[in-house]
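Chemist: give me a model of this one.
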Amino acid sequence: MDHKLLYAFRGWIAFVAFMDLGTCVRCFIEKRAFLGDYSKKSEFANEDALLPRMLGMFSLLKALALIHCTLFIHYKPVVSLGICSIVVSLLMCALEVLVYTSTTPSFYIVFPCVLNALTLLGLALLPRGLLEAPAVAEDENLELLRQATAFRRRRPRKVN
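Modeler: Residues are numbered from 1 along each chain as shown. The predicted structure is shown next:
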């Protein structure tokens, strides 16, 4: 049962990473800024918007971190990297909306924040028993040699 939960959660993290890849592509493809109507507040209204491009690059980095977290979830430092990337993402969205007022709390800000908050909760509360890495022999070469010699001993000898 524990492995089914772990596989389901890995799928969830992959879904969030896919959403971040979509955000990255959207930031670079769309001509208008989907983050909100912040260009009226800026004195550089005619220039390209810097915030969507920066959000696109950050979303790409976050998606790569979450993909690694999905693949290597049994390593605690990789889970910590996923947690840190989600915390930074939530902090960035909160600062842009509340402090810098460069965007409004629209669907494109709230929905990713909800997904990230649920993922952060799951990564923080994931049972530590699921994250234990499999035991590795101290000397892998000796272990492989033992297995190879044991395999040779089990083979029947040819009688001429």
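Chemist: and Pro105, what does it touch?
Modeler: Val97 (CB atoms under 8 Å, 6 or more residues apart in numbering). For glycine as for every other residue, the C-beta is placed from the backbone atoms N, C-alpha and C.
Chemist: sec struct for it, please.
Modeler: coil (DSSP: H, G, I helix; E, B strand; the rest coil).
Chemist: quick one, phi/psi of it?
Modeler: Phi and psi for Pro105, reported as degrees, to the nearest 10, are phi -80, psi 70.
Chemist: mind checking how far it is from Ala94?
Modeler: Distance, Pro105 to Ala94, using CB to CB, to the nearest Å: 10 Å.
Chemist: what do these two both touch?
Modeler: In contact with both Pro105 and Ala94: no residue, using CB under 8 Å, 6+ apart.
Chemist: which residue packs closest to the residue nearest to the spatial centre of the chain, ignoring adjacent ones?
Modeler: The structure's the chain has its C-alpha centroid closest to Leu66; by CA atoms, centre = their mean the separation is 1.2 Å. Among residues not flanking Leu66 along the chain, Ala17 sits closest, at 3.8 Å (CB to CB, 6 or more residues apart in numbering).
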